[in-house]
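> sequence plus the predicted model coming up.
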Amino acid sequence: MLRRIRSLFFGASILLMASVSALAADNKLEAIGAYTDSGASDGLKKALDSKGWRISTADGAYCDVWLRTTIPAGKNETSGAAYTSVSDSTLIGVITFAKPTTDYRGQAVKAGSYTMRYAVHPADGNHLGISPIRDFLVIVPVAMDPNPDAQFKFEELMKMSTKVTGTNHPGVLSLINPSGAPPAPKVESDENNHIVFSFSIKNQSGATIPISLIVKGRAEQ
């Protein structure tokens, strides 16, 4: 009986690993050209790297990401924050969704182009359990965010982001703890079938900051 249970468990583990491997194989990352959206300001375009990254799934192109060339050197002393070298509201880059999707909370997000700014979830009951860490990127329509060097108070940034979702909640993409600074951007699926985009970005002091971002997937209910 025990041997049979072990056999069933081993077989299930093999199937799970095969399933995760198949999902990872469906994800593709490729380099693309510069960001040229006519709805974005020249200042925003100039702040971004001249090369972007296209993330595709089995259904085709999912999103394009352009990272900021360098971010301001910062320090985050918020209790529980994982990204302690990134200041609140720092612009990280721009993401363009090829088709309608959802954010990490499961809220509808229209196809289009959005800035991504760093923030930390408040330590209140409304946000407990949303993500393993409190750090996230909030998305804002590019037309509303023309100045890459702008700094926003938390409430102001969240209000801007509600234009993305049409709800009382901002549009959010969860961050996770990076395993280290990848030598090159990469995309992979985690154990929850989230699609994770990992990359490194430099700050103006020359330090390399690894970041891992869930570009597709929602919080576990």
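Cool, got the structure.
> can you list contacts of stretch 65-79?
Stretch 65-79 is contacted by residues 34-35, 47-49, 52-53, 55, 83-88, 90-96, 120, 123, 134, 148-149, 197, 199, 201-205, 207, 209, 215 when judged by CB atoms under 8 Å, 6 or more residues apart in numbering. From N, CA and C alone the C-beta is placed, and that goes for glycine too.
> only whichever of those residues are buried, select them in PyMOL.
In PyMOL, this line selects whichever of these come out buried by 16 or more other CB atoms under 10 Å:
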select buried, resi 35+47+48+49+52+53+55+83+85+86+87+88+90+91+92+93+94+95+96+120+134+148+197+199+201+203+209+215
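> let me see the ranges of the helices in the chain.
Secondary structure of the chain, counting by DSSP state H: helices at 2-26, 42-47, 154-165.
> just the pLDDT at the residue nearest to the spatial centre of the chain, thanks.
Nearest residue to the geometric centre of the chain (CA atoms, centre = their mean): Leu213, 3.4 Å. We note a pLDDT of 96 for Leu213 in this prediction.
> ok, it to Gly43 distance?
As for Leu213, its distance to Gly43 is 23 Å (criterion: CB to CB, to the nearest Å).
> likewise Glu77?
According to CB to CB, Glu77 and Gly43 sit 29 Å apart.
> surely Glu188 is in contact with Asn27?
Yes. Counting by CB atoms under 8 Å, Asn27 is a contact partner of Glu188 at 6.9 Å.
> between the two, who's got more neighbours?
Legend: neighbour count by other CB atoms under 10 Å for Glu188 and Asn27, higher for Asn27 (20 against 15).
> which residues does the more buried one contact?
55-57, 187-189, 195.
> go with 6 Å
Applying CB atoms under 6 Å, 6 or more residues apart in numbering to Asn27 gives the contacts 57, 187, 195.
> also Gly217?
Contacts were defined as CB under 6 Å, 6+ apart; by that measure Gly217 touches His194.
> how near is it to Cys63?
12 Å.
> again, but for Ile95
Plainly put, Ile95 is 6 Å away from Cys63 if you go by CB to CB.
> and for Trp53?
For Trp53, the distance to Cys63 (CB to CB) stands at 9 Å.
> need the strands for this structure, in chain order.
Under the criterion DSSP state E, the chain contains strands at 28-32, 52-57, 60-67, 70-71, 91-97, 101-102, 108-109, 112-120, 135-141, 171-176, 186-189, 195-203, 208-216.
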